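Q: just to be clear, the model below is a prediction. Sequence and coordinates:
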Amino acid sequence: MPGASRDHRAGRAEESNVLAVLRGLKPTLVPSKQRVAAAILRDPGRASAQTISELAVAAETSEATVVRLCRELGLRGYRELRVALAAEAARERERRGNREVGRDIGRKDDLARIIETVTYADQQAIADSARLLDRAALAKAVALIAGGRRIDIVGVGASAVIALDLHQKLHRIGLIAYAWHDVHSALTAAALSGPRDVAIGISHSGATSDTLDAIRESASHGAKTIALTGVPSSPLGQAVDACLVTADREMTFRSGATASRIAALSVVDVLFVAVAQRRYDDAILALDATRRAVASRRDA
């Protein structure tokens, strides 16, 4: 069964990535746990100094709900959560220097502040994704793609941009890859897939029905499946053979369509380089051939 052997969903949220794990988990939580998660993410440093009663009151819920969230994060209890939050908040304060941790864009911020805040959020989204990336899942995805007869990549909306980027990269090293952003085309391709093929679904929420339906259709014909998502416990994350998790740092004017794309593209780069390395000689020849083919089209 897809996902049965993966442990990243139930794995422990180590000190180095507890906030990144919580961001990915938050959309799938019940409202009471979402309030606890929101309170923690709003100010991790403050949350680390609160008693369990204080955090429960701030989130308008019970202490038992806080404990259940700790366990859902793979932690033994609230004390362990406080230690992890304190450590991560300290690291982030050190990275940001005198900047306020978790600061959003304000109404009167100047351009310098906007540049600083946005670029910092992008850098941390990439760093968080690197920490979250399950090495076993990545190795499995690399092996599936490198050995696949055909790779179908499905992404709609903002995820279509990521799908096209991965398609272009894989195509350049000689792999037969297609990117589908229309559900009819994606389902048509999925219906023609087989055990030697690979289907990759890209959806930050992991709940995009068009992408999920195409992946499930491919799987029903024996194709191996991979997800690139920010929510590993989502329907898409649960449906695949290998799940690659991305992180983001949302702000007022940056929806998932913007923030998550930065992190997803960095994971796509990692995935591509790992696949190219696995096919080293063939990839080098293909890259050289494609480079020479377009060389005359570039401006001098």
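A: Structure received.

Q: when you work out contacts or count neighbours from here on, use the C-alpha atoms and nothing else.
A: OK.

Q: what residues are up against residue 178?
A: For residue 178, the contact set (Cα atoms under 8 Å, 6 or more residues apart in numbering) comprises 151-153, 167.

Q: can you tell me the closest non-neighbouring residue to it?
A: Once flanking residues are discounted, residue 178 sits nearest to residue 152: 5.0 Å by Cα to Cα, 6 or more residues apart in numbering.

Q: for the one you found, grab the count of nearby residues.
A: Neighbourhood size, residue 152 [other Cα atoms under 10 Å]: 25.

Q: what bridges to it?
A: residue 178, residue 199 (DSSP bridges).

Q: check contacts around it.
A: 177-180, 186, 189-190, 197-200.

Q: circling back: of the contacts of residue 178, closest to residue 209?
A: Each of the contacts of residue 178 was scored against residue 209 by Cα to Cα, and residue 153 proved nearest at 14.8 Å.

Q: if I pick that closest one, what's in contact with it?
A: With Cα under 8 Å, 6+ apart, residue 153 has these contacts: 163, 166-167, 177-180, 199-202.

Q: again, but for residue 236
A: 201, 203, 206-207, 212, 227, 229.

Q: re earlier: between all of the contacts of residue 153, which two are separated the most?
A: 177 and 202 (14.5 Å).

Q: comparing these two, which residue is more hemmed in?
A: residue 202 (30 against 22).

Q: tell me the confidence at that one?
A: Looking at residue 202, its pLDDT stands at 97.

Q: tell me how far it lies from residue 54.
A: 39 Å (Cα to Cα, to the nearest Å).

Q: closest to the centroid, which residue in the protein?
A: By Cα atoms, centre = their mean, the mean C-alpha position of the chain lies nearest to residue 246, the distance being 1.6 Å.

Q: quick one, grab the pLDDT at that residue.
A: 89.

Q: so what's it up against?
A: Contacts of residue 246 by Cα under 8 Å, 6+ apart are 128-129, 132-133, 204, 228-231, 260, 263-264, 267.

Q: give me the number of residues near residue 211?
A: Count around residue 211 with other Cα under 10 Å applied: 28.

Q: hang on, residue 44 packs against residue 83?
A: No: between residue 44 and residue 83 there is no contact under Cα atoms under 8 Å: 10.8 Å.

Q: compare those two (neighbour count), which wins?
A: Neighbours were tallied for residue 44 and for residue 83 using other Cα under 10 Å; the higher tally belongs to residue 44 (24 against 14).

Q: tell me the contacts of that one?
A: 85-86, 89.

Q: next one: phi and psi at it?
A: The phi/psi pair for residue 44 (degrees, to the nearest 10) reads phi -60, psi -40.

Q: low-confidence ranges in the stretch 151-300 of the chain?
A: 248-259, 299-300 (pLDDT under 70).

Q: helices of that one, start to end?
A: When secondary structure is read from DSSP state H, counting those that start in this stretch, the stretch 151-300 of the chain shows helices at 159-172, 183-191, 209-220, 235-239, 256-278, 280-294.

Q: out of those helices, which comes closest to residue 35?
A: helix 256-278 (19.5 Å).

Q: can you list the residues that contact that closest one?
A: With Cα under 8 Å, 6+ apart as the criterion, helix 256-278 contacts 122, 125-126, 129-130, 138, 141-143, 145-146, 158-159, 162, 165-166, 169-170, 173, 204, 228-230, 246-250, 283.

Q: kindly report the domain assignment for the protein.
A: For the chain, the domain assignment from automatic domain parsing gives the residue ranges 18-98, 135-295.

Q: make TSV from the contacts of residue 236 and add distance to residue 67 and neighbour count to it.
A: Conversion of these to TSV gives the following (distance: Cα to Cα, whole Å; neighbours: other Cα atoms under 10 Å):
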residue	distance to residue 67	neighbour count
201	33	31
203	30	33
206	26	23
207	27	15
212	32	24
227	30	29
229	26	26
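
Q: export the domains of the chain to TSV and tack on distance to residue 118?
A: Listed next are the domains of the chain as TSV, based on distance: least, Cα to Cα, whole Å:
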stretch	distance to residue 118
domain 18-98	13
domain 135-295	8
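
Q: show me the contacts for residue 195.
A: By Cα under 8 Å, 6+ apart, the residues touching residue 195 are 221-224.

Q: okay, these in CSV with neighbour count and distance to residue 22 next?
A: Shown next, in CSV, are the contacts of residue 195 (neighbours: other Cα atoms under 10 Å; distance: Cα to Cα, whole Å):
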residue, neighbour count, distance to residue 22
221, 15, 34
222, 15, 33
223, 25, 31
224, 26, 28
